[in-house]
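Colleague: sequence and predicted structure are below.
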Amino acid sequence: MEAENPAKNEIHGMFEGPILPLALKLSIPFFISNVVGLLYLVIDTYFITLIDRGSTALISGTGLVFPVYFLFLALAMGINIGVSSLVARAIGEKNQPALERAADSGLLIATVLAVSTLTLGYAFGSDILHFLAGSKLTEEAIGHGLRFFHFILPALGLLLLGHVLLGVLQGEGLTRYIATASVLSAVVNIALDPLLIFYFDMGVAGAGLATTLGIAVAAVYVIGIFKSEKSSIPIHWNLTKARVKLVLEILRVGSVQSLQMAAMSVTFMFLNNIVSSIGQDAMNSWALCGRTDQIMFIPAFAISGATISMVGQNYGRGNLARVRRIYARNILLGLVMVLGLAVVYNILAEWIFSGFSSVGGVISGSVTQVRALSFTFIGVSTAMISASTFQATGKPLPALLITLIRMIVLAVPAAYLLVYVFGMKMPGVFISLGAGNVIALPLSWFWTRLHLKKLKVRTVGG
């Protein structure tokens with residue numbers, strides 16, 4: 001159904017004109033957001049290492065929480081993508097009835113998930129971390145992980161609710177507010193880290209609490225954006241305003257994204273188990289790289305976020321030829337940026353990891369991992385931008401299948417074979433993960449091009 005009053009915040013140049021300037025305009029706030037997020041992650045890790053520079057238990061223990069965090073993030077991003085895809089297509093269609101109920105429909109889903117996942121997290125946190133610890137991690141490391149986990153859990157619940165609102169802003173193309181929220185969260189987090197970790201002597205629990213408080217402050221800011229009507233999409237803050245068709249549409253697109261990220265989370269749970277069985281130094285290096293590697297994904301995250309708005313709104317408007325051009329330009333932009341960052345990451349690797357540890361085996365293991373995997377992330381970049389294109393056109397399933405092929409079918413079985421059968425230890429893990437990353441590039445590119453060639457417009461909720 002077409003509305004009489006379409007969204008007031010239509011982005012200039014969205015439906016015609018040069019694509020690259022528009023992609024940069026929408027990507028730069030995401031880029032800033034992710035840079036600041038990485039900065040927080042690095043500084044947070046640094047403060048944790050300062051508790052005891054000679055300990056491998058601190059980072060190994062808190063590293064156990066990462067797959068669980070990633071699982072929560074998978075659910076949050078699923079809702080985010082479902083909402084942003086719906087909003088972007090509805091703006092393109094000028095479908096005001098869908099825009100009126102989109103946010104409350106997303107909040108209903110997020111509320112149910114937040115209550116259930118937090119309950120499970122507190123009830124079974126110890127069992128989960130012991131499973132992830134494998135056979136070589138000490139009880140000291142697991143204890144650090146559990147304390148960190150208990151204090152960061154509220155933040156994970158807030159992620160679920162906050163990503164509904166961020167999804168609305170992303171669908172509109174109001175990416176500057178997303179960047180501001182991210183910067184605010186990181187600044188609060190970084191400021192509180194030394195205070196809670198050292199002054200109040202909370203240790204790793206202080207790092208977890210700082211994260212929770214930072215996300216809470218950002219959530220208040222985003223709510224203020226909607227209260228002040230800087231977004232043209234209304235939120236009634238009433239779950240009874242949710243519309244069944246829109247809930248199902250958000251779930252249809254978003255659940256596939258959640259499954260895709262859940263598959264990644266499960267993959268890294270198994271890989272964590274493999275790596276921790278090799279040794280605590282290996283796990284320390286793996287956990288450090290798991291954090292610093294995020295720099296390589298910043299361009300892909302930024303361009304993927306812009307792609308949702310660009311492709312979704314043009315798809316809703318029926319500009320299919322422009323959709324195809326957007327995909328091609330954004331893929332090229334992502335490849336160039338990732339390759340440039342890979343070069344810098346390799347040059348600075350030894351200096352970076354020397355700042356996190358004084359253990360020689362940890363530093364050398366981290367540098368070796370960067371050398372082995374950083375250039376293969378061009379495949380991950382292509383897969384991520386392709387996934388956003390599928391999602392923005394309401395066809396998310398191929399993105400999930402690409403992830404399953406890359407990680408579940410290839411990386412995990414190959415890692416088990418190379419590590420446990422051929423005794424290759426960490427090189428076996430690198431080969432397995434790198435091969436999956438490389439294969440993702442041609443697989444994603446050709447599958448998405450075929451999808452766009454056959455593309456037909458489908459209305460929101462239709």
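Modeller: Now that the structure is in, tell me what you want to look at.
Colleague: residue contacts, F390?
Modeller: Listed by CB atoms under 8 Å, 6 or more residues apart in numbering, the contact partners of F390 are P396, L397, P398, A399, T448, H451. Bear in mind the C-beta positions are built from the backbone N, C-alpha and C, glycine included.
Colleague: kindly report the same for R147.
Modeller: Counted by CB under 8 Å, 6+ apart, R147 has contacts G203, V204, A205, G208.
Colleague: and the helix or strand of the chain with the lowest mean pLDDT, what other elements does it pack with?
Modeller: Between all helices and strands in the chain, the lowest mean by mean pLDDT, DSSP states H and E belongs to helix 280-292, at a mean of 81. Identification of packing neighbours for helix 280-292 by 3 or more CB pairs under 8 Å, 6 or more residues apart in numbering; DSSP states H and E yields helix 19-50, helix 57-63, helix 66-93, helix 244-278, helix 320-354, helix 360-373, helix 426-453.
Colleague: now with 7 Å?
Modeller: helix 19-50, helix 57-63, helix 244-278, helix 360-373 (3 or more CB pairs under 7 Å, 6 or more residues apart in numbering; DSSP states H and E).
Colleague: just checking the distance from stretch 250-269 to the centre of its chain.
Modeller: Centroid separation between stretch 250-269 and its chain, computed with CA atoms, centre = their mean, to the nearest Å, is 11 Å.
Colleague: for F149, give me the pLDDT.
Modeller: On the pLDDT scale, F149 is placed at 94.
Colleague: how about N9?
Modeller: 55.
Colleague: one more: Y315?
Modeller: 93.
Colleague: go on, the one 5 residues further on?
Modeller: Model confidence at L320, expressed as pLDDT, equals 93.
Colleague: with M1 instead?
Modeller: Value for M1, per-residue pLDDT: 35.
Colleague: same question for L64.
Modeller: For L64, the pLDDT comes out at 83.
Colleague: could you do V460 as well?
Modeller: According to the prediction, V460 has pLDDT 68.
Colleague: try V359
Modeller: 79.
Colleague: repeat for T56
Modeller: Value for T56, per-residue pLDDT: 78.
Colleague: that older thread, now the contacts of F390 as CSV including pLDDT, distance to P97 and neighbour count?
Modeller: Converted to CSV, these look like this (pLDDT from 0 to 100; distance: CB to CB, whole Å; neighbours: other CB atoms under 10 Å):
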residue, pLDDT, distance to P97, neighbour count
P396, 88, 23, 25
L397, 89, 27, 14
P398, 92, 29, 20
A399, 87, 28, 25
T448, 95, 31, 26
H451, 93, 28, 16
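Colleague: tell me which of those residues is nearest to P18?
Modeller: When the contacts of F390 are compared for distance to P18 (CB to CB), T448 wins out at 21.7 Å.
Colleague: from what I can see that closest one touches S386, true?
Modeller: Yes: if you go by CB atoms under 7 Å, T448 and S386 touch, sitting 4.3 Å apart.
Colleague: just to revisit the earlier point, tell me the most buried of the helices and strands packed on helix 280-292?
Modeller: helix 57-63 (a mean of 27; mean count of other CB atoms under 10 Å).
Colleague: list of residues touching it?
Modeller: Here helix 57-63 makes contact (CB atoms under 7 Å, 6 or more residues apart in numbering) with 45, 48-49, 51-52, 137-138, 140-145, 148, 204, 280, 283-284, 287-288, 290.
Colleague: filter those residues down to the buried ones.
Modeller: With burial judged by 16 or more other CB atoms under 10 Å, the buried subset of the contacts of helix 57-63 is 45, 48-49, 51, 137, 141-142, 144-145, 148, 204, 280, 283-284, 287-288, 290.
Colleague: on that earlier part again, quick one: which of the contacts of R147 sit in helices?
Modeller: Among the contacts of R147, the members found in helices (DSSP state H) are V204, A205, G208.
Colleague: could you name the helices and strands sitting against the strand or helix carrying V220?
Modeller: In this assignment (DSSP states H and E), V220 forms part of helix 204-227. When contacts are defined as 3+ CB pairs under 7 Å, 6+ apart, helix 204-227 sits against helix 19-50, helix 139-172, helix 175-194.
Colleague: quick one: the first one to chain centroid distance?
Modeller: The gap between the average C-alpha position of helix 19-50 and the chain average comes to 12 Å, counting by CA atoms, centre = their mean.
Colleague: repeat that for the last one.
Modeller: Offset of helix 175-194 from its chain centre (CA atoms, centre = their mean): 16 Å.
Colleague: also stretch 406-421?
Modeller: Using CA atoms, centre = their mean, the offset of stretch 406-421 from its chain centre is 23 Å.
Colleague: let me see the mean pLDDT of that stretch.
Modeller: The model assigns stretch 406-421 a mean pLDDT of 89.
Colleague: buried set for it?
Modeller: For stretch 406-421, the neighbour count (16+ other CB under 10 Å) marks R406, M407, I408, L410, A411, V412, A414, A415, Y416, L418, V419 as buried.
Colleague: thinking again about what came up before, redo the contacts of F390 as CSV? Include distance to G305.
Modeller: Shown next, in CSV, are the contacts of F390 (distance: CB to CB, whole Å):
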residue, distance to G305
P396, 16
L397, 21
P398, 19
A399, 15
T448, 17
H451, 20
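Colleague: of the helices and strands packed on helix 204-227, which is nearest F297?
Modeller: Nearest to F297 among the helices and strands packed on helix 204-227 is helix 19-50; the distance by CB to CB comes to 7.6 Å.
Colleague: I figured V380 hits A440, correct?
Modeller: Yes: using CB under 7 Å, V380 is in contact with A440, at 6.3 Å.
Colleague: and the two? Which one has more around it.
Modeller: In this view V380 and A440 are compared by other CB atoms under 10 Å, and A440 has more residues nearby, 26 against 23.
Colleague: which strand or helix spans the nearest residue to the more buried one once chain neighbours are set aside?
Modeller: Distances taken as CB to CB, 6 or more residues apart in numbering put G379 closest to A440, at 3.8 Å, once the chain neighbours are dropped. Element membership of G379, judged by DSSP H and E, is helix 377-392.
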